[in-house]
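Engineer: sequence unknown, structure follows:
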């Protein structure tokens, strides 16, 4: 099957950062066949299905490098707390009372629907019952790097780390050949896992050739505990036990020094920035500028809707740019094009998938989005990168294509049942609220 997307401003995000006015993208099956001027490609695409992209920006689908999609059902349950307090007093107890396979099914559907409608075509996920997350990923037609979460205390899906690791192995083996799902394992963090469990998790992932997703140096307390217990920073500790490598995706990476940054880069670790969540929980500011300047792989992410409170990568681009500028008191820090790079090809590098996604180039997977530019808030447009970061928003996304398949067209998601998802979300809202009333935080 051939698909021609023609007439828009094509932002390739290739090595030359080509921007093609009145450009076109020719897709064959799930792959980008050609990119160029519409006048050149149109005559060669006779018989192809055509999407008129006039008045839109055509760009690579955005990559959400760190999320907990099912936690969309916990949106707003605990606000204005530090990370440690938020997790220990609110989130972990709420998960223990409410999280089941059905909860994860509908929560992930809600999160993925929001992502697709906001132009996200790939997301990295860490949660429980990750096999269910994979099922939703497959049904929705979105791309996912999905890690089964491992913790050292009883979790909603498994009561022991050994049981969770056994589940993770089955999960990876079941989904490893799916064209959209990259299954992996997700050791939660240095402060929720023993050295023994961290090593066992890494060994399992490497034996199966699967990615490792982990929170790294997210908050001050994590750094302080690591220094007190091991005499090392979280990054140095993970390096000392052999966990770091080019298969690791590290979320946050806030409390890192020059030596830590050098270690992350030497080991090829993907580092993912979550500006809204980090600001809201007062976790700190990731040194994005320093990591990028040193050659690091840096992506962008929303984190969960319970700590953000949305899955809007346009918002994250906007905040990421401004946060680096004000924290460094330098308006030149993290310019708009670099932020768009983090949300596309940079995010692909952080997920170790840049050979496959992240830019519009022949031979890559056809993951594309079309963004309308005709609204008052996006008129006029002088620079396409600054427009994306500072003016446009998730509601401007018109169409989303993943692996050559149109999954959203004219703001209508074709793969998920929006009314049913919203109805179920309201039902779970009542259940979660009742559980919080029945067992209030002391």
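Structural biologist: Now that the structure is in, tell me what you want to look at. Keep in mind that this is a model prediction, so the values were computed, not measured.

Engineer: C-alpha from now on. contacts and neighbour counts both.
Structural biologist: Noted.

Engineer: where does this protein dip in pLDDT?
Structural biologist: Applying pLDDT under 70 to the chain picks out residues 438-442.

Engineer: domains of it?
Structural biologist: 2-59+364-413, 62-350 (automatic domain parsing).

Engineer: the host helix or strand of residue 338 - contacts with which helices or strands?
Structural biologist: In the assignment (DSSP states H and E), residue 338 maps to helix 336-343. If you count contacts as 3 or more C-alpha pairs under 8 Å, 6 or more residues apart in numbering; DSSP states H and E, helix 336-343 packs onto strand 62-67, strand 297-300, helix 313-328, helix 384-390.

Engineer: residue 281 is nearest to which of the ones you listed?
Structural biologist: helix 313-328 (14.5 Å; C-alpha to C-alpha).

Engineer: compute the inter-axis angle for the closest one and strand 62-67.
Structural biologist: For helix 313-328 against strand 62-67, the angle by axes from the mean of the first three to the mean of the last three C-alpha atoms, to 10 degrees is 70 degrees.

Engineer: when you give positions from now on, start the count at 34
Structural biologist: All right, first residue 34 from here; so that's helix 346-361.

Engineer: in helix 346-361, what counts as buried?
Structural biologist: The neighbour-count criterion (16 or more other C-alpha atoms under 10 Å) identifies 346-358 as the buried residues of helix 346-361.

Engineer: turn those into CSV, including distance to residue 81.
Structural biologist: Shown next, in CSV, are these (distance: C-alpha to C-alpha, whole Å):
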residue, distance to residue 81
346, 31
347, 31
348, 35
349, 36
350, 34
351, 36
352, 39
353, 39
354, 39
355, 42
356, 44
357, 44
358, 45
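
Engineer: from the residues you listed, which single one is nearest residue 265?
Structural biologist: Nearest to residue 265 out of the buried residues of helix 346-361 is residue 357 (C-alpha to C-alpha; 26.7 Å).

Engineer: how near is the closest one to residue 366?
Structural biologist: Taking C-alpha to C-alpha, to the nearest Å as the measure, residue 357 falls 6 Å from residue 366.

Engineer: quick one: secondary structure of the closest residue to residue 433 other than its chain neighbours?
Structural biologist: If the residues on either side of it in the chain are set aside, residue 433 comes closest to residue 402, at 4.5 Å by C-alpha to C-alpha, 6 or more residues apart in numbering. When classified by DSSP: H, G, I helix; E, B strand; the rest coil, residue 402 comes out as strand.

Engineer: beta-bridge partners for residue 402, please?
Structural biologist: Partner residues in beta bridges with residue 402: residue 92, residue 433, with DSSP bridges as the criterion.

Engineer: the most centrally placed residue in the chain pairs with what?
Structural biologist: When the chain is reduced to its mean C-alpha position, the nearest residue by C-alpha atoms, centre = their mean turns out to be residue 97, at 2.2 Å. With DSSP bridges applied, the residues forming beta bridges to residue 97 are residue 156.
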